[in-house]
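Undergrad: Provided below are the primary sequence and the corresponding predicted coordinates.
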Amino acid sequence: MSMSRRAFAAATLVSALVLAGCGSAADDTAKTAVTSTWTAPAGLSGELTLYSANPQELTDDLVAAFTKASGVKVNVFAGETGKITAKLDAEWANPQADIAYLASWSPAAKYAADGRTLPYRPAGSDQIRVGWAGKDDAFVGRDGSVLTLVVNTKAITTRPQDWADLAGPDYKGKVIMPDPRESGTARDLIAAMVAAWGKDKTWELFDKLFANGMVVHGANGPALDDVTAGSHAVILGGVDYSAYDAIAKGEPLQVISPSSGTTITPRPVFVLKTAKNPAAAKAFLDFMFAQQGQQISAAHKMIPARPEVPVADGTRKYEDVKQLSFTWDQVKSSGSDVLAEFTKRYLGAA
């Protein structure tokens, strides 16, 4: 069946420097929660180009703090993972990016396997969570998000506890899922389900969900906007940090971790092998894994890669989330094939 898709807002190339007076609640939280200061190595200069598929406020705060510490100007191209990878691929004969910061494990692993990343072990990355480092230091997961059920509490009175609940009559025509062709986290979730449960059980679940009227539409942001507006009542596979931000702004949402397990997706970062300013690029990764960089992620409701950095108040701890039984190597090896099969089965595309 063919599902409608909302166009993603055009990403823009901006020069990101120190922010001043932005005034949102998320900005205020980020500024007050960060207590550590990173010291840049001597001799850094020039500019960097960062391609980021992560929340704009998080990216902006990381860039602002790094620029303040190092004097290096960072140009940012922002978009969802699919847009970032399409741009990287289109530019491969004339690379522009120094660093890529994605929301999905699989593309980073593919770039590493193709020899497109510059192996580098950032300072502090030896302390990260088990399984969050790519092979041979080709890329590293620097923070993570939980894939959840996000419920509009005014749009529906019942509360799902697991994925399969959404195939029930209470949720008929009320469920939306981010499009895995646009959302790297949605793609990783499906691949993790297949790794944990096998194809038969996974496709049986999605057969029931689509038969019950679930739609696939846009990336994570548009899906959250849809449910916040009440057009649908539940997101299957909504990223937790976006919902927590919306809740903090007074939206009637609830975040539920599925009882059978889910994913905490490590968001990988890597230096491109063709980086024009590799010294500054490596320093940026060092900053991202330093206490200050990790605290900035936590302040934006991400789960830090370094376990000793606490999560923000009101967000779930890593150890409190039941995860599916899979490995990121499995997701890497099967992700493209799983996406192709999902697309053919449910989205009417070959």
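TA: Structure received. Because the structure is a prediction, the values reported are computed rather than measured.

Undergrad: strands of the stretch 151-300 of the chain, residue ranges please.
TA: Along the stretch 151-300 of the chain, the stretches classed as strands by DSSP state E, counting those that start in this stretch are 175-177, 215-216, 234-239, 253-256, 264-272.

Undergrad: run the angle between the last one and strand 234-239 for me.
TA: If I follow you right, that is strand 264-272. 40 degrees (axes from the mean of the first three to the mean of the last three CA atoms, to 10 degrees).

Undergrad: strand 264-272: partners in the sheet, and parallel or antiparallel?
TA: strand 99-101 (antiparallel), strand 117-118 (antiparallel), strand 140-152 (antiparallel) (DSSP bridges).

Undergrad: export the ones you listed to JSON lines and tack on distance to residue 301 and mean neighbour count?
TA: Where C-beta positions appear, they are placed from N, C-alpha and C, glycine not excepted. Supplementary listing: these in JSON lines, determined by distance: least, CB to CB, whole Å; neighbours: other CB atoms under 10 Å:
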{"stretch": "strand 99-101", "distance to residue 301": "17", "mean neighbour count": "26"}
{"stretch": "strand 117-118", "distance to residue 301": "27", "mean neighbour count": "22"}
{"stretch": "strand 140-152", "distance to residue 301": "8", "mean neighbour count": "25"}
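
Undergrad: quick one on the thing from earlier: now, of the strands of the stretch 151-300 of the chain, which is deepest in the fold?
TA: strand 234-239 (a mean of 28; mean count of other CB atoms under 10 Å).

Undergrad: that one pairs with which strands?
TA: Applying DSSP bridges to the sheet, strand 234-239 is found paired with strand 140-152 (antiparallel), strand 175-177 (parallel).

Undergrad: and it, average pLDDT?
TA: Averaged across strand 234-239, the pLDDT comes to 96.

Undergrad: what residues does that strand touch?
TA: Residues from elsewhere that reach strand 234-239, judged by CB atoms under 8 Å, 6 or more residues apart in numbering: 145-152, 156, 160, 163, 166, 171, 174-178, 183, 185-186, 189, 209, 214, 220, 223-224, 226-227, 243, 255.

Undergrad: the stretch 101-250 of the chain: helices as residue ranges?
TA: Here the stretch 101-250 of the chain has its helices, by DSSP state H, counting those that start in this stretch, at 105-113, 184-197, 199-211, 220-228, 240-248.

Undergrad: just the angle for the last one relative to strand 234-239, thanks.
TA: Helix 240-248 and strand 234-239 meet at an angle of 120 degrees, taking the same axes, to 10 degrees as the criterion.

Undergrad: quick check, central residue of this structure?
TA: Among the residues of the chain, the one closest to the centroid is residue 103, at 3.2 Å (CA atoms, centre = their mean).

Undergrad: residues contacting it?
TA: If you count contacts by CB under 8 Å, 6+ apart, then residue 103 has 53-54, 80-81, 145, 183-185, 265, 267 around it.

Undergrad: output the strands paired with strand 264-272 in CSV; the columns should cover mean pLDDT and distance to residue 66.
TA: As requested, those are exported to CSV (pLDDT from 0 to 100; distance: least, CB to CB, whole Å):
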stretch, mean pLDDT, distance to residue 66
strand 99-101, 97, 11
strand 117-118, 97, 18
strand 140-152, 96, 13
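
Undergrad: so which of these comes closest to residue 72?
TA: Taking CB to CB, strand 99-101 is the member of these nearest to residue 72, at 11.4 Å.

Undergrad: other residues contacting the closest one?
TA: Strand 99-101 has contacts (CB under 8 Å, 6+ apart) with 48-54, 59, 84, 88, 108, 111, 142, 267-272, 275, 281, 284-285.

Undergrad: ok, 7 Å please
TA: 48, 50-54, 84, 88, 267, 269-272, 281, 284 (CB atoms under 7 Å, 6 or more residues apart in numbering).

Undergrad: mind checking how far residue 108 is from residue 134?
TA: 6 Å (CB to CB, to the nearest Å).

Undergrad: which neighbours do these two have in common?
TA: Counting by CB under 7 Å, 6+ apart, the residues touching both residue 108 and residue 134 are residue 268.

Undergrad: who has more neighbours, those two?
TA: residue 108 (30 against 23; other CB atoms under 10 Å).

Undergrad: adding distance to residue 316, write the strands of the stretch 151-300 of the chain out as a markdown table.
TA: Formatted as a markdown table, the strands of the stretch 151-300 of the chain follow (distance: least, CB to CB, whole Å):
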| stretch | distance to residue 316 |
| --- | --- |
| strand 175-177 | 21 |
| strand 215-216 | 25 |
| strand 234-239 | 12 |
| strand 253-256 | 8 |
| strand 264-272 | 9 |
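
Undergrad: relative to residue 303, which of those strands is closest?
TA: Among the strands of the stretch 151-300 of the chain, strand 264-272 comes nearest to residue 303, with 6.1 Å by CB to CB.

Undergrad: so for that closest one, mean pLDDT?
TA: On average, the pLDDT along strand 264-272 is 95.
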